[in-house]
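>>> show me how the following folds:
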Amino acid sequence: MRFDASVRVYPVWASKPRCGRPIYTLCVSLSPQDGNGAEVRLREAVTLKTLRRMVSRGEKFACLAAYDATTARWLERGGVHVLLSGDSAAQVVLGHDRTIDAPIDFLVQITAAIKRGAPKTLVMADMPFMSYHASVESAMLNAGRFMQEGLADVVKLEADATFAPLIDRMTRAGIPVCAHVGFRPQTTAVLGGPTAQGRTKEAMETLVDDAVALEAAGAVLLLVEAVPAEVTRRIVEATSVPVIGIGAGTDCHGQILVVHDLLGLTDHPPRFAEAVETLGERIKAAGAEWAERVRTDRIGGSRYTMRDQSGGSSGDATGGASGGTSRANTGGADSPEESR
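Model (predicted):
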């Protein structure tokens, strides 16, 4: 996709042309174009209203957990509707074994980074372990941080029906909440390990009751994790807000995965995550290629040159034996940033 201006001429007929010839008007389009020169419409910002409209039309929406501005930018360009700054960053970014080790300050920062990278995408902040459990007051302040410092559009809480009063309080304060039901990773220690939920009729009814109570308290979205498809179907039928699923079948309105699982970067992904890329192997190959280039002095790029006494350059910094091109070719070769 490129953002070159395109010039097109459209005929406009006058109501009573004197000479019978068309009058032409010049229209300049600054919309992006695809590789074939066809104009591509920039999408409008995705909001909660957008998701509700999609649900009403029977359209599914795509969600991913991401952790940085650059990845978020490319995912927005790819058409992903919702990005979650997941507490799974503790595992895939910081190298911990558990999501409960995600620091709140870190999550606030990456939430803002995702929004800066994908300003037209709905960004949901994952409130980490113990950031909304100690007291209503601390929960409200922490949720407010995600909205103000983190630029979040929605905050997500792992919850059951007992969290309804807190969600009601947040909603009345103007904080949109996504209620996460089913398997709740922050409770893994209590369960003795990751465990699918809702696999008996009684357990299914409990989850449905939780979802209904949390929507009644004001939750604007529901996220259902690691449950049989029958449970998801019952929740969708019993509630009226958009329902996002992860390992929960296809009856939900939206689907979410961790972007690392989608791209094939995870050594042991969960059973419900099917990669669409093998980016891990490609990164490995790129690293091996770079190591070989360094070993053989084939690092590529453009080189800096000494200036002569007149202030000019004693050589061409835009090519030569070094090979390759860079942004230094367009000027400003003194700046390291310009020649990245």
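
>>> ok, residue 102 to residue 184 distance?
14 Å (Cβ to Cβ, to the nearest Å). All C-beta atoms are positioned from the backbone trio N, CA, C, and that covers glycine.

>>> the more surrounded of the two?
residue 102 (26 against 19; other Cβ atoms under 10 Å).

>>> tell me the pLDDT at the more buried one?
On the pLDDT scale, residue 102 is placed at 98.

>>> close enough to count as contact, residue 156 and residue 128?
No: with contact defined as Cβ atoms under 8 Å, residue 156 does not count as touching residue 128 (10.3 Å).

>>> what about the strands in this protein?
Per DSSP state E, the chain carries strands over the ranges 6-12, 23-29, 61-65, 82-85, 122-126, 154-158, 177-182, 221-225, 243-246, 254-258.

>>> and those as TSV, adding distance to residue 200 and mean neighbour count?
Output for the strands of the chain, formatted as TSV (distance: least, Cβ to Cβ, whole Å; neighbours: other Cβ atoms under 10 Å):
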stretch	distance to residue 200	mean neighbour count
strand 6-12	60	10
strand 23-29	58	10
strand 61-65	28	22
strand 82-85	29	29
strand 122-126	28	27
strand 154-158	21	24
strand 177-182	14	28
strand 221-225	16	26
strand 243-246	20	25
strand 254-258	25	22
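
>>> save those strands as TSV, and put in distance to residue 165 and mean pLDDT too.
Converted to TSV, the strands of the chain look like this (distance: least, Cβ to Cβ, whole Å; pLDDT from 0 to 100):
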stretch	distance to residue 165	mean pLDDT
strand 6-12	56	42
strand 23-29	52	44
strand 61-65	27	98
strand 82-85	24	98
strand 122-126	21	98
strand 154-158	12	98
strand 177-182	12	98
strand 221-225	18	98
strand 243-246	22	98
strand 254-258	26	98
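
>>> check what pLDDT residue 308 gets.
86.

>>> what about it, how many residues close to it?
So residue 308, with other Cβ under 10 Å, has 10 neighbours.

>>> same question, residue 115
Residue 115: 22 neighbours (other Cβ under 10 Å).

>>> what residue is smack in the middle of the protein?
residue 83 (2.9 Å; Cα atoms, centre = their mean).

>>> look up how far residue 46 lies from that one.
Distance from residue 83 to residue 46, by Cβ to Cβ: 10 Å.

>>> mutual contacts of those two, please.
121-122 (Cβ atoms under 8 Å, 6 or more residues apart in numbering).

>>> please enumerate the helices of the protein.
48-56, 69-77, 89-92, 104-117, 136-148, 164-172, 188-191, 201-217, 229-238, 259-262, 279-295 (DSSP state H).

>>> least confident secondary structure element in this structure?
strand 6-12 (a mean of 42; mean pLDDT, DSSP states H and E).

>>> wouldn't residue 120 be in contact with residue 47 here?
No: between residue 120 and residue 47 there is no contact, the gap being 9.7 Å when judged by Cβ under 8 Å.
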